[in-house]
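Asker: Fold the following.
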Amino acid sequence: MTPSPPEARTGSLLGLLFVGVLMGALDIAIVGPALPAIRAEFGVDDRALSTLFTVYVLFNLVGAPLMAKLSDRHGRRVIYLLDVALFALGSLLVATAPAFPLVVAGRAIQGFGAGGIFPVASALIGDRFPPERQGRALGLLGAVFGLAFLVGPVLAGILLHAATWHWLFLVNLPVAALVLLWGARLLPAGAPAARQPFDAPGLVALAAILAGLAGGISSLDTAHVAESLAHPRTWAFLSLALVSVPVFWQLERRAADPVVRPTLLARRQILLACALAFGAGLGETVIVYLPTLATASLGVTASRASFLLLPIVLAMTVGSPSVGRALEHTGTRALVVTGLAILVAGLAWFATGAGTVSGFIWAGALLGLGLSGLLGAPLRFILLNEAPPGERAAAQGFLTLFIGLGQLLGGALVGAVAASAGGGAHGYRAALLATAVAEAGLLLLAFGLRGRTEERAHVAARTAA
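Answerer: Numbering: from 1, shown residues only. This next block holds a predicted model:
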């Protein structure tokens with residue numbers, strides 16, 4: 001077991017990881033306000049503009065398991081710093097690009113680098129923090145995303161008022177420079193694993209699966225699902241994903257050092273955590289559609305509808321560290337079950353009521369608190385203590401991958417159900433009800449997680465080993 005550093009050093013390490021994760025999370029929150037200006041400068045249409053999101057998501061999904069695996073092979077420090085440097089390089093390319101294709105390329109590099117930041121940071125917590133402090137540290141990192149959505153729009157407004165959209169990306173450079181200098185001095189070098197042939201075929205097959213899913217889902221017209229599924233473009237993308245799944249699985253079974261080790265998925269707790277991570281991504285996607293529901297059902301303006309998301313963000317910001325602190329006392333199962341139950345209650349309230357502004361606020365608070373039990377510490381704590389030390393980052397990357405897949409498929413599900421139910425307030429309420437039913441199914445699965453006593457015994461045995 002890696003010896004725990006002194007208290008002050010772990011505090012400094014947590015501060016470094018917090019700033020790095022916040023940098024990546026802020027980019028998600030502040031890029032939206034830049035889109036109208038980017039469209040005007042390069043003269044592109046909405047479909048072309050949407051590629052800035054699609055390419056970021058795709059490369060983020062590929063980057064998460066790859067960078068996590070590389071950190072297991074080559075040590076945490078070099079890969080964490082590489083992720084931050086790639087994110088900074090992508091930000092610079094986006095801000096200085098003379099043509100739109102280079103903006104897209106910059107977003108791809110950003111997504112690729114950002115994909116590894118959170119999994120590697122989570123693995124570092126598993127490496128350097130004692131088990132009794134891991135929950136609090138993971139909870140603090142989980143709160144970063146709520147904080148980013150609070151600070152991001154304000155920061156974007158200030159920068160757009162004082163300068164041009166380019167500064168929304170250039171602002172990443174001094175932050176990245178700080179993290180690189182700080183990290184080079186503070187991050188432990190770690191002992192790289194014994195060198196094995198790199199699993200390039202497995203990575204290509206995984207990229208094909210994710211590209212097929214991302215391309216196929218982005219090609220769907222949620223108002224006409226059956227017709228768009230029959231379209232050659234959609235069919236080709238989804239077929240690529242389906243064909244690549246068995247190929248990927250066979251490659252990983254035979255690889256000396258696979259990107260995703262099949263033995264990890266043979267562990268019941270890891271499988272459950274990945275399924276619950278998918279549900280977390282599904283629930284998170286709902287937030288995107290709530291302003292539309294607010295304008296349709298409450299008659300509020302678009303700007304006021306966006307402010308109605310603040311209770312969700314505030315609840316997540318407060319809930320994630322609180323869940324992390326509670327982890328050592330209650331165990332993961334109690335927190336995940338409670339979080340899912342609260343999430344289902346919030347979704348059901350949106351679907352069947354929330355016909356007033358106050359109702360919308362309270363339902364949003366429940367939604368945010370419920371997501372805190374899934375997106376924060378508990379699931380990552382499970383994987384830290386289920387995966388072998390040499391596979392910790394890979395397991396964290398896999399968890400990030402399943403959250404991303406939930407986000408991808410969640411967007412298609414909500415859009416399809418809303419469209420089939422006639423759109424408007426009725427359609428979105430039907431979509432939220434369908435999401436609540438899906439999350440309720442996952443709630444039943446969550447009871448399969450280890451209880452507090454069993455989990456403590458497992459963690460103690462792993463720590464002693």
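
Asker: I'd like the distance from Val120 to Gly106, if you could.
Answerer: Note on Val120: its distance to Gly106, by Cβ to Cβ, to the nearest Å, is 22 Å. The way it works is simple: take the backbone N, C-alpha and C, and place the C-beta from them, glycine included.

Asker: That should have said Ile158, apologies.
Answerer: 22 Å.

Asker: Looking at those two, which one has more neighbours?
Answerer: Applying other Cβ atoms under 10 Å to Ile158 and Gly106 shows that Gly106 carries more neighbours, namely 23 against 11.

Asker: Which residues lie in contact with that one in this structure?
Answerer: 90-95, 97, 169 (Cβ atoms under 8 Å, 6 or more residues apart in numbering).

Asker: go again using 6 Å as the cut-off
Answerer: 90, 93-94, 97 (Cβ atoms under 6 Å, 6 or more residues apart in numbering).

Asker: cool, and Ser372?
Answerer: Here Ser372 is in contact with 316, 319-320, 323 (criterion: Cβ under 6 Å, 6+ apart).

Asker: what comes into contact with stretch 131-140?
Answerer: Contacts of stretch 131-140 (Cβ under 6 Å, 6+ apart): 14, 125, 129, 320-321, 323-325, 327-328, 376-377, 380-381, 459, 463.

Asker: In it, which of the residues would be classed as buried?
Answerer: If you call a residue buried by 16 or more other Cβ atoms under 10 Å, then stretch 131-140 has these buried ones: 131, 133-140.

Asker: need the helix or strand of the protein with the lowest average pLDDT.
Answerer: When each helix and strand of the chain is scored by mean pLDDT, DSSP states H and E, helix 225-229 comes last, with a mean of 68.

Asker: Tell me where the stretch 1-150 of the chain has strands.
Answerer: Assigned strands in the stretch 1-150 of the chain: none (criterion: DSSP state E, counting those that start in this stretch).

Asker: Give me the below-cutoff pLDDT ranges for it.
Answerer: 1-8, 46-47 (pLDDT under 70).

Asker: now swap in the stretch 151-300 of the chain and tell me
Answerer: Ranges of the stretch 151-300 of the chain meeting pLDDT under 70: 190-195, 218, 220-226, 228-229.

Asker: Helices of that one, start to end?
Answerer: Counting by DSSP state H, counting those that start in this stretch, one finds helices in the stretch 151-300 of the chain at the ranges 167-170, 172-186, 200-219, 225-229, 232-254, 262-265, 268-298.

Asker: Let me have those in JSON lines, adding distance to Gln407 as columns.
Answerer: Supplementary listing: the helices of the stretch 151-300 of the chain in JSON lines, determined by distance: least, Cβ to Cβ, whole Å:
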{"stretch": "helix 167-170", "distance to Gln407": "22"}
{"stretch": "helix 172-186", "distance to Gln407": "22"}
{"stretch": "helix 200-219", "distance to Gln407": "10"}
{"stretch": "helix 225-229", "distance to Gln407": "18"}
{"stretch": "helix 232-254", "distance to Gln407": "16"}
{"stretch": "helix 262-265", "distance to Gln407": "21"}
{"stretch": "helix 268-298", "distance to Gln407": "4"}
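
Asker: Nearest to His426 among those would be which one?
Answerer: helix 268-298 (8.6 Å; Cβ to Cβ).

Asker: List the buried residues for that closest one?
Answerer: 269-270, 272-287, 289-298.

Asker: counting contacts, what elements does it pack onto?
Answerer: helix 302-307, helix 357-375, helix 377-386, helix 392-420, helix 424-446 (3 or more Cβ pairs under 6 Å, 6 or more residues apart in numbering; DSSP states H and E).
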